[in-house]
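1. sequence? don't have it. structure:
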């Protein structure tokens, strides 16, 4: 039996999971337009599934040499970049001609990858061993390395890509990396005592930086220009990473313990809505015009679709799996949710509430990316 016939029989056995790498390659399917495609890495096996959300189907499968621990998609060039922690390398795939480029060796373990606001630079940190590296996504070269940066999670690029923010738990501070000077400094958030801090978020204009302190339950609002804490919010015991909306209107502060969510107007920082959903809420995808908001948890399967204009719950329920990550489409009409313990991708229509599931992996998702999302400030 030839390969094509055997693969066809497999597809009949797994009707939604159309992972036919060579068949798709032979058909000349175009996967170079990253702004309209989703990329989901299998949690265990070495492959990345490419999904066209407009058609709601899998269109390609990229085989990888090593497990994918994180991935980046560049919006303005046809490049997919994934990290493997054991190898301490980045692997770059040219989506236009479907070829692998030379791997990039790193001076640290790449546990966290963040693409800069211009889609050109990648900030890499090691949440266990510490250190920071700035890598050019286009040339795949390490621009500089700062081994003194403490263990931290996702960094945050400012809109102009001059400063990069991170949080330092041991000193209870907000760290600041100056890209031009290639050095780091710290801005105290606490009295110098250690704290469990979230990754930072920012307002759309970059004026305010937000950080949650899970030790005290506080959420700090720091003015990025004066570098002074402008305001402090308290929503509950264990605040999740703050989230700001793509249109810049609201700041969402979520308490994971109680499920309480408070939306603050970012002009006056007055509460706009104050709702309590289910415990564990730490993830949100916001619809267009800051209206339909999908609140989720990375520890439970619960979801809540909330109408921010009418200030009422529109729909709630449970996903088929526990979310790994969620991203919104650029137009704000759709949310895409991947799961750590289910093979599906959930395509959620934020305006109608309809949910469609598409099988995309065999073992659940380990990493998830798309070329452009409306999750721009988080």
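-> Received, thanks. In this text, all values refer to a predicted model and were calculated from it rather than measured experimentally.
2. so the spatially most central residue of the chain, which state does it fall into?
-> Centroid check for the chain by Cα atoms, centre = their mean gives residue 325 as the closest residue, at 6.4 Å. Under DSSP: H, G, I helix; E, B strand; the rest coil, the three-state class of residue 325 is strand.
3. for it, what are its contacts?
-> Listed by Cβ atoms under 8 Å, 6 or more residues apart in numbering, the contact partners of residue 325 are 283, 298, 337, 338, 365, 368. For glycine as for every other residue, the C-beta is placed from the backbone atoms N, C-alpha and C.
4. repeat that with 10 Å
-> By Cβ atoms under 10 Å, 6 or more residues apart in numbering, residue 325 lies in contact with 40, 283, 285, 296, 298, 336-340, 365, 367-369, 375.
5. of those, which is the most crowded?
-> residue 40 (31 neighbours; other Cβ atoms under 10 Å).
6. flag the shaky bits of the protein, pLDDT-wise.
-> Within the chain, the ranges that satisfy pLDDT under 70 run 1-27.
7. returning to what we had before: from the contacts of residue 325, which is closest to residue 56?
-> Nearest to residue 56, judged by Cβ to Cβ, of the contacts of residue 325 is residue 336 at 10.8 Å.
8. before we move on, back to that, show me what the residue nearest to the centre of the chain is bridged to.
-> residue 338 (DSSP bridges).
9. let's number from 11 now, not from 1
-> Fine by me, first position is 11 from now on; the one you just mentioned is residue 335.
10. that one and residue 298: what is the separation?
-> Residue 335 sits 20 Å away from residue 298, going by Cβ to Cβ, to the nearest Å.
11. what is the neighbour count of residue 57?
-> Using other Cβ under 10 Å, residue 57 has 17 other residues around it.
12. surely it and residue 71 touch.
-> Yes: using Cβ atoms under 10 Å, residue 57 is in contact with residue 71, at 5.4 Å.
13. can you give me the helices in the chain?
-> Secondary structure of the chain (DSSP state H): helices at 13-23, 31-37.
14. gap between residue 225 and residue 75?
-> Distance from residue 225 to residue 75, by Cβ to Cβ: 41 Å.
15. and the two? Which one has more around it.
-> More crowded of residue 225 and residue 75, by other Cβ under 10 Å: residue 225, with 15 against 12.
16. excluding chain neighbours, what is closest to the more buried one?
-> residue 205 (4.3 Å; Cβ to Cβ, 6 or more residues apart in numbering).
17. residues near that neighbour, how many?
-> 22.
18. and if you look at the one 3 residues further on?
-> Per other Cβ under 10 Å, the neighbour tally for residue 208 reads 20.
19. residues in contact with the closest residue to residue 197 other than its chain neighbours?
-> In space, and not counting its chain neighbours, residue 197 is closest to residue 184: 4.6 Å by Cβ to Cβ, 6+ apart. Residues in contact with residue 184, defined by Cβ under 10 Å, 6+ apart, are 166, 175-178, 195-199, 207, 210, 219, 221, 230, 232, 234, 237, 239.
20. separate out the buried members of these.
-> 166, 175-178, 196-197, 199, 207, 210, 219, 221, 230, 232, 234, 239 (16 or more other Cβ atoms under 10 Å).
21. so what's the residue count around residue 368?
-> 21.
22. next one: it from residue 333, what distance?
-> 15 Å.
23. can you check residue 144 too?
-> For residue 144, the distance to residue 333 equals 29 Å [Cβ to Cβ].
24. same question, residue 288
-> 13 Å.
25. next, the buried residues of stretch 129-137.
-> Within stretch 129-137, the residues that count as buried by 16+ other Cβ under 10 Å are 129, 130, 131, 132, 133, 134, 135, 136.
26. the first one and residue 147 touch, don't they?
-> Yes: contact between residue 129 and residue 147 holds when scored by Cβ under 10 Å: they sit 7.2 Å apart.
27. got any residues that touch both of those two?
-> 82, 83, 84, 86, 87, 89.
28. which of those residues are buried, as a PyMOL select command?
-> Buried members of the shared contacts of residue 129 and residue 147, defined by 16+ other Cβ under 10 Å, are picked up in PyMOL with:
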select buried, resi 82+83+84+87+89
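29. out of the shared contacts of residue 129 and residue 147, which one sits closest to residue 325?
-> residue 83 (29.5 Å).
30. that's all I had, so thanks and see you.
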